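Asker: Sequence and predicted structure are below.
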Amino acid sequence: MRMEHAGFTLWFTGLSGAGKTTLARGVEAILRERGMKVEVLDGDIIRQNLSKGLGFSKEDRDTNIKRIGFVCKLLTRNGVVAIASAISPYREIREYVRHDIGSFILVYVKCSLEVLIQRDAKGLYQKALSGEIRNFTGISDPYEQPLHPEVTVDTAVESPSQSIAKIISKLEALQLIPVGQEHAVYSAKEESEVEERLRALGYIS
Ligand code: ADX
C-alpha cells in the first residue's frame, strides 16, 4: 500500500558528469522502497522530448529549466516527489523555480574539474577543451555555484552510496520522507526476535 505523503521537489544541480543522474536514480529507488510516489526529470531525457530543439545559450538553458520546474511544480502539488537532474547553471533561474514550487530542496553535486576531465564518461570534456563543442559548462560557459544549497555532496571524494545517504538523512531530518528501517533503534529482524523472546517468557501474548 502506498503511503500518503506531501510532495516536494528535490533538485540536483552541478556540472555535466558530476553524478547528478546516478544520485537521482539512487534516491528514487530508496524513496520508492519507502512507498513514495516519485518521478525523475533528467536534463538529458527532457532535451529529447519536452525541450527538444533547445540549445545551450543562456536563454535556451533558462527555458529548459523553467519547463522542468513547471512539471516539478505540477507533480509536487499532487503529492509526488519530483526529482530534477539538470546542470541548471544559473542561480537566478534556480531561485525562480525554488520560489515558484515552494517545497524545494537543492542538492549541489560538486566535483572538481580535474576529476571530471579525467572521468569524461561521455567524451564531452575533451571536445570542449579542443573547441569542438562551444559554450560547454565549466569550460567555456559559466556555472554559478549555489550559495545556500540544502545539501552539498562532493563526488570527487564520496562514493555514490555515501552521497545518497547524506541526501536521505537530510530529507528525513526535514521530515519530508519517512525514516527508514536501517535508522530505527532495532532493525525489523531484531524487533521480531525481541518479540519472540518476550512471548516465550510470557510477557506478551
Ligand atoms: S542545462 O544547462 O539546460 O541545465 P542539461 O542538464 O539539460 O543542461 O543538459 C546537459 C547535458 O547536455 C550534458 O550532460 C551534456 O551531455 C549535454 N551537452 C551538450 N552540449 C553541452 C554544453 N555546451 N554544455 C553543457 N552540456 C552540454
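Answerer: Arrived safely, thanks for sending. Fair warning: this is a prediction, and the values are worked out from it, not measured in the lab.
Asker: Quick check: closest non-adjacent residue to the one residue in the chain that gets nearest to the ligand.
Answerer: Closest contact between the chain and the ligand, by C-beta to the nearest ligand atom, is at Gly43 (2.6 Å). (Glycine included, C-beta is placed from N, CA and C.) Nearest non-adjacent residue to Gly43, counting by C-beta to C-beta, 6 or more residues apart in numbering: Ala86, 3.5 Å away.
Asker: so that neighbour makes contact with Lys66?
Answerer: No: using C-beta atoms under 8 Å, Ala86 is not in contact with Lys66, being 11.1 Å away.
Asker: what does the longest helix seen in the chain contact?
Answerer: If you go by DSSP state H, the chain has its longest helix at helix 58-77. Helix 58-77 is touched from outside by 7-9, 11, 39, 41, 43, 46-47, 50-51, 54, 81-82, 84, 86-90, 93-94, 96-97, 100-103, with contacts defined as C-beta atoms under 8 Å, 6 or more residues apart in numbering.
Asker: How about it and the ligand, any contact?
Answerer: Yes: contact of helix 58-77 with the ligand (C-beta under 6 Å from any ligand atom) involves Arg61, Asn64, Ile65.
Asker: right, and the helix or strand after that helix?
Answerer: Counting by DSSP states H and E, the next helix or strand C-terminal to helix 58-77 is strand 81-85.
Asker: ok, back up a step: dump the residue contacts of the residue nearest to Gly43.
Answerer: Contact partners of Ala86, counting by C-beta under 8 Å, 6+ apart, are Phe12, Thr13, Lys20, Leu41, Asp42, Gly43, Ile46, Asn64, Ile65, Ile68.
Asker: Adjacent strands (with direction) for the host helix or strand of the fourth one?
Answerer: Take DSSP H and E as the rule and Leu41 turns out to sit in strand 38-42. On the basis of DSSP bridges, the sheet neighbours of strand 38-42 come out as strand 81-85 (parallel).
Asker: and the strand it pairs with, how far from the chain's centre?
Answerer: In terms of C-alpha atoms, centre = their mean, to the nearest Å, the centre of strand 81-85 is found 6 Å from the chain centre.
Asker: same deal with stretch 20-36?
Answerer: 8 Å.
Asker: Settle this for me: the residue of the chain closest to the ligand is touching Ser85, isn't it.
Answerer: Yes: counting by C-beta under 8 Å, Ser85 is a contact partner of Gly43 at 6.1 Å.
Asker: What average pLDDT does stretch 111-123 get?
Answerer: For stretch 111-123, mean pLDDT rounds to 97.
Asker: I should have written stretch 93-106 there, sorry.
Answerer: pLDDT averaged over stretch 93-106 gives 98.
Asker: How about residues contacting that stretch?
Answerer: Stretch 93-106 is contacted by residues 6-11, 13, 61-62, 65-66, 68-70, 72-73, 76, 88, 146, 148-151, 170-171, 174, 176 when judged by C-beta under 8 Å, 6+ apart.
Asker: Contact distance from the ligand - what residues of this structure qualify?
Answerer: 16, 43-44, 47, 56, 61, 64-65, 86-89, 122, 124, 133, 135-137, 141.
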